[in-house]
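Enquirer: Compute the structure for the input listed below.
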Amino acid sequence: MKKIIFLTAALFAACAVFAQDDDGPPAVKIFTPVRISFFGSNDGNDSFPASANVVTGLDFGIFSARTPTVYGVQLSPLSTVGQVYGIKLAGLSNIGKVYGIDLAGIGLSTDTVGVKASVFFRDGSSCGVSATIVNTERYTEGIAAAGILYTSYFDGIGVYGVYHTAALGDSRFNGLGIGLVNMTHRLNGVQIGLVNYTNYLRGVQIGLINVSKSGGLPFMPIMNIGF
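Expert: Reported below is the predicted structural model:
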């Protein structure tokens, strides 16, 4: 028992570091290796430790995990909220920013750099590799697979059933898009599909029906090229 107490004290002592405040003497700060929450309230009253804003290790929520910054793993059967450097995993939904792996059973509303997968993406952005059934992100960059891809800005390679972007401002598709139906505002790259439509074409459309309102021919079967 004495050995256990000693090792526990040594662990917390090893986690202590000195930090210089701008207007005061050095203060001792403790790394939090594990934080456990119940509902994940904003004031932290249902979490242990309650006052931790940064977790270096595991942030676990029985219903929701809400530590602002996590270096390691943020995990909950229902939802997570916060910025994570590592793995963010929830049974239902994730909210926040992720640098690493971002996984949820139902939906994601996150800005992710790395790997992102769920049934539904809402708002947010992704840079890396993503897979979903419905993607309504503002911005997607990298390699994306989706049943329906509806974004304002896309840069990379997309494989999907339907791609659509609103004809607003400078919304655009840059890269290679492969799908049954492609509908873009501005295309800089290649569309491959049964039906391809764009308002502004700078690239190539390959498909059964190709329509371009500006650049290339207004209508062309098989292939349309615009400069």
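Enquirer: Quick check: Asn94 touching Ala104?
Expert: Yes. With contact defined as Cβ atoms under 8 Å, Asn94 reaches Ala104; the gap is 4.6 Å. Any C-beta I mention is one placed from the backbone N, CA and C, and that applies to glycine too.
Enquirer: Overlap in contacts, these two.
Expert: Lys88, Ser118 (Cβ atoms under 8 Å, 6 or more residues apart in numbering).
Enquirer: Between these two, which has more neighbouring residues?
Expert: Asn94 (30 against 27; other Cβ atoms under 10 Å).
Enquirer: all helices of the chain, in order?
Expert: Taking DSSP state H as the test, the helices found in the chain are 2-14.
Enquirer: Show me the domain layout of it.
Expert: Using automatic domain parsing, the domain parsing of the chain gives 32-115, 119-227.
Enquirer: got the end-to-end distance for the longest one?
Expert: Terminal residues of domain 119-227 are spaced 37 Å apart (Cα to Cα, to the nearest Å).
Enquirer: Residue ranges in this structure under the pLDDT threshold?
Expert: The model of the chain has pLDDT under 70 over residues 1-30, 40-44, 166-169.
Enquirer: switch the cut-off to 50
Expert: 1-29 (pLDDT under 50).
Enquirer: Name the residue closest to the centre of it, please.
Expert: Centroid-nearest residue in the chain, with Cα atoms, centre = their mean: Thr112, separated by 3.0 Å.
Enquirer: So what sits opposite that one in the bridge?
Expert: The partner list for Thr112 in beta bridges (DSSP bridges) reads Val98, Ser126.
Enquirer: Sounds good, over and out.
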